[in-house]
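Asks: structure here, sequence nowhere to be found:
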Ligand SMILES: [Fe+2]
């Protein structure tokens, strides 16, 4: 059975795997979306996500762990979501669906970091708590930026027009 500390390392590794997977998802979305604001929001969050992955790796290393390169549960969930959402009919649908996917992912991450924060609090690991608190705020900011874009791109579809990328 894993020790409480080993469990923490596993959670940090899972979070790292999630961020690395999300980097790929964001790159795909940046290439696909036909809305300038969505592209910008995804580009900004890609930089944040890369930074988050680095912070998680540094935390793992300083606790004597390392990244495993595993897939992580969040990526498995998002893979299933993508299978459904990538059935978009045209570029308008695909753009809206990429934003919905991004918005959903941010909330999965908020849940993941909320869990990490609570567990680290139980261990008295204030550095990991601080890492989680910062990440929650960053994911919330990204989600807040994406939410109004869902309505905007959904409307663009009915008009048959969209902000050129
Ligand atoms: Fe993230």
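Replies: Perfect, I can see it now. Predicted model, so just to flag it, every value in this text is computed and none were measured. Residues are numbered from 1 along each chain as shown.
Asks: okay, and the helix or strand of the protein with the least pLDDT?
Replies: Ranking every helix and strand in the chain by mean pLDDT, DSSP states H and E puts helix 73-85 at the bottom, with a mean of 77.
Asks: name the next helix or strand downstream of that one, please.
Replies: helix 91-123 (DSSP states H and E).
Asks: between helix 73-85 and that following helix, find me the angle.
Replies: Between helix 91-123 and helix 73-85, the angle comes out at 160 degrees (axes from the mean of the first three to the mean of the last three Cα atoms, to 10 degrees).
Asks: and whichever strand or helix holds residue 25, what's buried?
Replies: Using DSSP H and E, the element containing residue 25 is helix 4-32. By 16 or more other Cβ atoms under 10 Å, the buried positions in helix 4-32 come out as 8-9, 11-23, 25-26, 29-30, 32. (Glycine included, C-beta is placed from N, CA and C.)
Asks: for the ion, what are the nearby residues on the protein?
Replies: Along the chain, the residues adjacent to the ion under the rule Cβ under 5 Å from the ion are 49, 52, 109.
Asks: so can I have JSON lines of those showing pLDDT and neighbour count?
Replies: Supplementary listing: the residues of the chain next to the ion in JSON lines, determined by pLDDT from 0 to 100; neighbours: other Cβ atoms under 10 Å:
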{"residue": "49", "pLDDT": "97", "neighbour count": "26"}
{"residue": "52", "pLDDT": "98", "neighbour count": "25"}
{"residue": "109", "pLDDT": "96", "neighbour count": "24"}
